[in-house]
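Participant: I'll drop the sequence and a predicted model, then ask my questions.
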Amino acid sequence: MDEKLNNLIIKFGDEKWIDKLYSGEIFMQPLKSYIDLEREEKRKGQGDKNEASLRSKLIDYKFSCENSSEQMDLFLNLLNNGEDATFTFRYKDDERYLTSCFYKVDAERFVFIGEEDDKKYYQYNFTNEEKEIFSSWGNSALIINSKVFFNAIKTCLSNIDSRLGKVNYYCEDNLPEEALLDYQQKKVSRLFWKDEFFKHQNEYRFVIAEKSDKGKVVANLGSLKEISMKYNSSQLVTDGFIYIV
C-alpha cells in the first residue's frame, strides 16, 4: 500500500466554513459545542450529548480515580425501576478542550483502477451509511493531506501540547478495559472514545491543551490549495473520488 493513501482526511461543512479552512484559517470548537448540538438543536450525529464522557451499563467493577482533586463526576441513571443502570464518567472541565474533527479516509478501501505514465489511479467510495450521514453535513467538503496539514498546525502551535488520532468506538454493554483505564488514569486518550453509534463517522480528531467556552481561530496557515481538494459534498459522497499517486 502506498503511504500517501493513508494521509487523507475530509472536512464536511457549509461552504462558508470550508472556504475559511481552505484559506488556512484553523477554527477549533470546544467539545461542549457538540454536546449542545444534540441537547439544544436535537442534531444527534453531528452532535453528541455524551461527548467527553464514558458510559457503561456494567455495574460489576470498581472504579477509583487517582485524580480525585480534579473533580470527576459519576452519574448513575436508574432505568426500568432499577433493573438496569447506566453510569456516565466525566471530568467536569473536559468539555472545554478545543477540538477539530475530520473524516479519516481508510487507505484499505481504495481500489486500484489503473496506471498511466508512472502514475497510479485509485478509486475511493463511501458506504451507504456514510452517504446518509455526510450528505446532511453541509454542502461542501475539503479533502486534505493530513501529514502536511497537521505538521503545519503543530509548527504554528509549537507552544501548546496537542494530540491527534482516530477515535475509538465502544459499546456501553461491553466497555473496553482500555477505555476505563484511560478515564481512571486521566490519560489524554480518554478524549478519543465515543459510543459505537458514531462509528460510521470514522472520525479523526485533533485536540489541543487549551480550554475555551467558545470556538476560536487558533492559527492561520495560509492557503491550503497545494495540499487539498474542494468538492460539493453531495457529489463527493455519491460518486466517491479518484486519487492519483
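Facilitator: On my side now, so go ahead. Numbers count the residues shown, from 1 in each chain.

Participant: SS state for residue 113?
Facilitator: Following DSSP: H, G, I helix; E, B strand; the rest coil, residue 113 is assigned to strand.

Participant: measure it to residue 121 for me?
Facilitator: As judged by C-beta to C-beta, to the nearest Å, residue 113 and residue 121 stand 5 Å apart. No exception for glycine: its C-beta is placed from N, CA and C like everyone else's.

Participant: Also residue 175?
Facilitator: For residue 175 relative to residue 121 (C-beta to C-beta), the value is 43 Å.

Participant: Looking at these two, which one has more neighbours?
Facilitator: Neighbours were counted for residue 175 and for residue 121 using other C-beta atoms under 10 Å; residue 175 has more, 20 against 15.

Participant: Could you give the number of residues near the nearest residue to the more buried one once chain neighbours are set aside?
Facilitator: Nearest non-adjacent residue to residue 175, counting by C-beta to C-beta, 6 or more residues apart in numbering: residue 56, 4.2 Å away. By the criterion of other C-beta under 10 Å, residue 56 has 21 neighbours.

Participant: Tell me what residue 56 is bridged to.
Facilitator: With DSSP bridges applied, residue 56 shows beta-bridge pairing to residue 87.

Participant: Return every residue with contacts to both of residue 113 and residue 121.
Facilitator: Taking C-beta atoms under 8 Å, 6 or more residues apart in numbering as the contact rule, residue 113 and residue 121 both touch residue 242.

Participant: Can you name the residues that contact the residue of the chain most remote from its centre?
Facilitator: Among residues of the chain, the one most distant from the C-alpha centroid is residue 117; the distance is 36.8 Å, by C-alpha atoms, centre = their mean. With contact set as C-beta under 8 Å, 6+ apart, residue 117 has no partners.

Participant: Could you double-check that the residue nearest to residue 175 sits in contact with residue 87?
Facilitator: Yes: between residue 56 and residue 87 there is a contact at 5.1 Å, judged by C-beta atoms under 8 Å.

Participant: wait, what's in contact with residue 158?
Facilitator: Residue 158 touches nothing, counting by C-beta under 8 Å, 6+ apart.

Participant: can you pull out the helices in the protein?
Facilitator: Secondary structure of the chain (DSSP state H): helices at 15-22, 32-39, 128-134, 146-156, 177-184, 233-239.

Participant: closest one to residue 48 among these?
Facilitator: For these, the distance to residue 48 is smallest for helix 32-39, at 5.1 Å, taking C-beta to C-beta.

Participant: how close does residue 49 get to residue 109?
Facilitator: Residue 49 sits 30 Å away from residue 109, taking C-beta to C-beta as the criterion.
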